[in-house]
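> my questions concern the predicted model and sequence given below.
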Amino acid sequence: MAEGDITFYNNYKEALMNGAAPDLDTDTIKVALVTAHTPDIDAHDFFDDVSGDEVSGTGYTAGGEALGSKSVTQDNVDDEGVFDAADVTWTGLDVGTPSHAIIYEDTGTPGTSTLIAYMEISTASNGGNYTIQWAAEGIININ
């Protein structure tokens, strides 16, 4: 997997196919940063499975940042369903080097907050602004 590629958790894939997946444009969807983390797409299903590896330090609030300007659209040119949101920036972030960004639905309870996907990252924080820039085609594209 290359840095920036999105990998989906199997629990989310099943929920999507059963009509039980989080509503990406109306539910609270967040991105959290973790370090020294080994994702397990088979066993990890809720945020409490990954929160123990969450970063801590200056400029970071536990639970991560809520995605803003969320949208789910139909792309007839590329024959895709697309989920996108505004890029996420932490101001003055100094937490070392995160290993992954975890996208999840925040229900307010880690044990029921569905993991959606993760992205490998390796850019060190240095006390400045730290931005996750989503792909130009969107965060999730289903074709």
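Looks like it arrived, so ask away.
> got phi/psi on the residue nearest in space to the middle of the chain?
Centroid-nearest residue in the chain: residue 103, 1.7 Å away (criterion: CA atoms, centre = their mean). Residue 103 adopts backbone torsions of phi -100, psi 130, taken as degrees, to the nearest 10.
> who's in contact with it?
Contact analysis of residue 103 by CB atoms under 8 Å, 6 or more residues apart in numbering lists 6, 29, 30, 31, 67, 115, 116, 117, 118, 119, 139. (Each C-beta comes from the backbone N, C-alpha and C, glycine too.)
> swap in 6 Å and give it another go.
31, 116, 117 (CB atoms under 6 Å, 6 or more residues apart in numbering).
> please convert those residues to CSV, extending it with neighbour count and distance to residue 12.
Below are the contacts of residue 103 laid out as CSV (neighbours: other CB atoms under 10 Å; distance: CB to CB, whole Å):
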residue, neighbour count, distance to residue 12
31, 23, 14
116, 26, 5
117, 21, 7
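> one step back: relative to residue 53, how far out is the residue nearest to the centre of the chain?
Distance of residue 103 to residue 53, computed by CB to CB, to the nearest Å: 15 Å.
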